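Chemist: Provided below are the primary sequence and the corresponding predicted coordinates.
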Amino acid sequence: MIVLAMLLAQRAVALQPLHPRLTKPSTAVRSAAGGASLATRTAAFCDRQFFVVGMAASVGLAAAAPGVGLAAEPWVGKYAVMLIFVASGLGLKPAALRRAALDVRLNAATQAASLVAWPLVAAPAVAAARRWTA
């Protein structure tokens, strides 16, 4: 179930700017505007809201059969997340990667925020939380 949700999320993120359904209405959507049947209107809704419908279906399936998700958990933790990141990375253009890697100021700011600023903020908060709960 988690894999299905992650694949739907990847599909929505990866295809969103390029997908024709998101830029112009499909024939099902245009035909549902008139006096179309309930099945046609439902199909048109699912066509427009595929991500939300997919997430709801994933949650429903996970609630109905949690054992399937629990059995897949080790695989998802080790491989599925990696595959999603690899698939996202394959869609990047080499020129954009080169530009991002050579942006020294942005990379320095990112490293400083991650490795200096965040620990300076989090360390006192963790120490205070430990004193408060002890």
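Modeler: That came in fine, so what should we check first? Residues are numbered from 1 along each chain as shown.
Chemist: Just name the shakiest helix or strand of the chain by mean pLDDT.
Modeler: Within the chain, no helix or strand scores below helix 27-32, which has a mean of 50 by mean pLDDT, DSSP states H and E.
Chemist: I'd like the next helix or strand past that helix.
Modeler: Counting by DSSP states H and E, the element after helix 27-32 in chain order, helix or strand, is helix 38-48.
Chemist: moving C-terminal of that next one, what's the next helix or strand?
Modeler: helix 50-64.
Chemist: And that next one, how far out from the chain middle?
Modeler: Relative to the centre of its chain, helix 50-64 is centred 14 Å away, using CA atoms, centre = their mean, to the nearest Å.
Chemist: Next, the angle from whichever helix or strand comes after it to helix 50-64.
Modeler: Beyond helix 50-64 on the C-terminal side, the first helix or strand identified by DSSP H and E is helix 66-75. Counting by axes from the mean of the first three to the mean of the last three CA atoms, to 10 degrees, helix 66-75 lies at 110 degrees to helix 50-64.
Chemist: packing partners for helix 66-75?
Modeler: Packing partners of helix 66-75 (3 or more CB pairs under 8 Å, 6 or more residues apart in numbering; DSSP states H and E): helix 2-15. Quick note: C-beta positions are derived from backbone N, CA and C, even for glycine.
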